[in-house]
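Q: just a sequence and a predicted model for now, questions to come.
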Amino acid sequence: MNTTPISLIAVVLLVGFSSSTLKVKAITAARKIDQSANK
């Protein structure tokens, strides 16, 4: 019985993508700060 609601899957994917994008943004921001400090 494959009755998994598509909305539930979409929510899980959105949460995963949002958390990953936040991590990437934090990493890129830290790298920019490090580059500006090194200059």
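A: Yep, it's here. Residues are numbered from 1 along each chain as shown.

Q: residue ranges with poor pLDDT in this structure?
A: Within the chain, the segments meeting pLDDT under 70 span 1-2, 39.

Q: give me that answer again for 50
A: Low-confidence segments of the chain (pLDDT under 50): none present.

Q: got the residue ranges for the helices in it?
A: With DSSP state H, the ranges of helices along the chain come out as 6-38.

Q: tally of neighbours for Thr21?
A: 10 (other Cβ atoms under 10 Å). C-beta coordinates here come from the backbone N, C-alpha and C atoms, glycine included.

Q: and Val12, by the same measure?
A: Using other Cβ under 10 Å: Val12 sits among 10 other residues.

Q: any idea how far Pro5 is from it?
A: 11 Å (Cβ to Cβ, to the nearest Å).

Q: next one: Ile27
A: Applying Cβ to Cβ to Ile27 and Pro5 gives a distance of 33 Å.

Q: and Val11, what is it in contact with?
A: Under the criterion of Cβ atoms under 8 Å, 6 or more residues apart in numbering, Val11 has no neighbours.

Q: how close does it sit to Thr4?
A: For Val11, the distance to Thr4 - Cβ to Cβ - is 12 Å.

Q: and the gap between Ser19 and Val12?
A: From Ser19 to Val12 the distance is 11 Å (Cβ to Cβ).

Q: whoops, Ile33 was the one
A: Separation of Ile33 from Val12 (Cβ to Cβ) stands at 32 Å.

Q: same check, this time on Ser18
A: Taken as Cβ to Cβ, the span from Ser18 to Val12 is 11 Å.

Q: check Ser20 too.
A: From Ser20 to Val12 the distance is 13 Å (Cβ to Cβ).

Q: and what of Ile6?
A: Using Cβ to Cβ, one gets 11 Å for the distance from Ile6 to Val12.

Q: cool, Arg31 as well?
A: Counting by Cβ to Cβ, the gap from Arg31 to Val12 is 29 Å.

Q: kindly report the same for Lys23.
A: In terms of Cβ to Cβ, Lys23 sits 17 Å off from Val12.

Q: all set, thanks.
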